[in-house]
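Undergrad: this is the structure alone, sequence omitted:
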């Protein structure tokens, strides 16, 4: 989802020398393959969007894979970017890097200020290591490696697998299926009380290209819209977009995750960038794509 959105944005802006590889062509966990790729292609700029990602269930179940895969991916790409004199690299992470009970909204300086959320700790630790790796290569070798941390994303090419998708696409699929099958209710994990922020992936891609052109500092930059809502309100919004008339049954026996994750985007706004797509319009466009492409069939 993220990589394809960045490619679309670059193409809109007129970039043509875009080098991409899918995971079936290039296993970024494989040091030798990554070394061969960089020596052959010699890219000038690198957007490191590849990662092992998922929702609460996937993060908590595949803990070893989440820490191993992500550390291997970013270590190989960052190191080969240094060795092959990449002019600039952008490392992408997630709001999951912040402590579970950090003050809200989440400021960049809150990184490593408290314990992480247990369900996604392996992923968060890997991403924090990536941020610190970029800063270390900047400090020791003078590499222009920057880090950007997007909030929860949704949009074209999202993952709708109920076993490992994030909350928005999972709810969209559940509620659509309930409507089509005439079900009286939809089960929603948790209490519905946690609050989350959502950004359309096209806005995220626009922010990434903007930062690649305008930001050259150490540390990280939050990418978000600065607005959040409860999971309950998100489910009600999706219910309205889909046109489902049944009930929402919240299951408190399932984990809530972090109580709130709202990004402080003051730093990003100070550079002159703000999001353009509001949540309801974004969900409607995603649902239209789902129906047009019959993604749930």
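TA: Received the coordinates, thanks. Only a predicted model underlies this, so the values are computations on that prediction, with no experimental measurement involved.

Undergrad: give me the distance between residue 138 and residue 124.
TA: Distance, residue 138 to residue 124, using C-beta to C-beta, to the nearest Å: 21 Å. Using the backbone N, CA and C atoms, a C-beta is placed for each residue, glycine as well.

Undergrad: give me the more crowded residue out of these two.
TA: Using other C-beta atoms under 10 Å as the criterion, residue 138 and residue 124 rank with residue 124 on top: 25 against 20.

Undergrad: and stretch 92-110, how far out from the chain middle?
TA: Going by C-alpha atoms, centre = their mean, to the nearest Å, the spacing between the C-alpha centre of stretch 92-110 and its chain's C-alpha centre is 13 Å.

Undergrad: and it, what's buried?
TA: 92-100, 102, 104-108, 110 (16 or more other C-beta atoms under 10 Å).

Undergrad: and which of the residues you listed is nearest to residue 259?
TA: Each of those was scored against residue 259 by C-beta to C-beta, and residue 100 proved nearest at 7.7 Å.

Undergrad: name the SS class of that closest one, please.
TA: Here residue 100 takes the coil state, with states given by DSSP: H, G, I helix; E, B strand; the rest coil.

Undergrad: contacts only, for it.
TA: Under the criterion of C-beta atoms under 8 Å, 6 or more residues apart in numbering, the contact list for residue 100 reads 114-118, 258-259.

Undergrad: do residue 99 as well
TA: Residue 99 sits next to 110, 112-116 when contact means C-beta under 8 Å, 6+ apart.

Undergrad: drop anything exposed from the residues you listed.
TA: Using 16+ other C-beta under 10 Å as the burial test, those include 110, 116 as buried.

Undergrad: and which of the contacts of residue 100 is nearest residue 60?
TA: Out of the contacts of residue 100, the member with the shortest distance to residue 60 (by C-beta to C-beta) is residue 118, at 8.0 Å.

Undergrad: show me the contacts for the closest one.
TA: By C-beta under 8 Å, 6+ apart, residue 118 lies in contact with 60, 100.

Undergrad: do you know how far it is from residue 101?
TA: When distances are taken as C-beta to C-beta, residue 118 and residue 101 turn out to be 12 Å apart.

Undergrad: go on, residue 69?
TA: Taken as C-beta to C-beta, the spacing of residue 69 relative to residue 101 amounts to 27 Å.

Undergrad: coming back round to it: among the buried residues of stretch 92-110, which ones are in helices?
TA: Using DSSP state H, no member of those falls within helices.

Undergrad: what's the closest of the residues you listed to residue 207?
TA: Using C-beta to C-beta, residue 92 comes nearest to residue 207 of the buried residues of stretch 92-110, at 10.5 Å.

Undergrad: am I right that the closest one is in contact with residue 46?
TA: No - checked against C-beta atoms under 8 Å, the pair residue 92 and residue 46 is beyond contact range at 10.8 Å.

Undergrad: let me see the ranges of the helices in the stretch 151-297 of the chain.
TA: 167-181, 201-214, 231-242, 266-270, 279-293 (DSSP state H, counting those that start in this stretch).

Undergrad: make JSON lines out of those helices and add distance to residue 80.
TA: Listed next are those as JSON lines, based on distance: least, C-beta to C-beta, whole Å:
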{"stretch": "helix 167-181", "distance to residue 80": "32"}
{"stretch": "helix 201-214", "distance to residue 80": "18"}
{"stretch": "helix 231-242", "distance to residue 80": "39"}
{"stretch": "helix 266-270", "distance to residue 80": "28"}
{"stretch": "helix 279-293", "distance to residue 80": "35"}
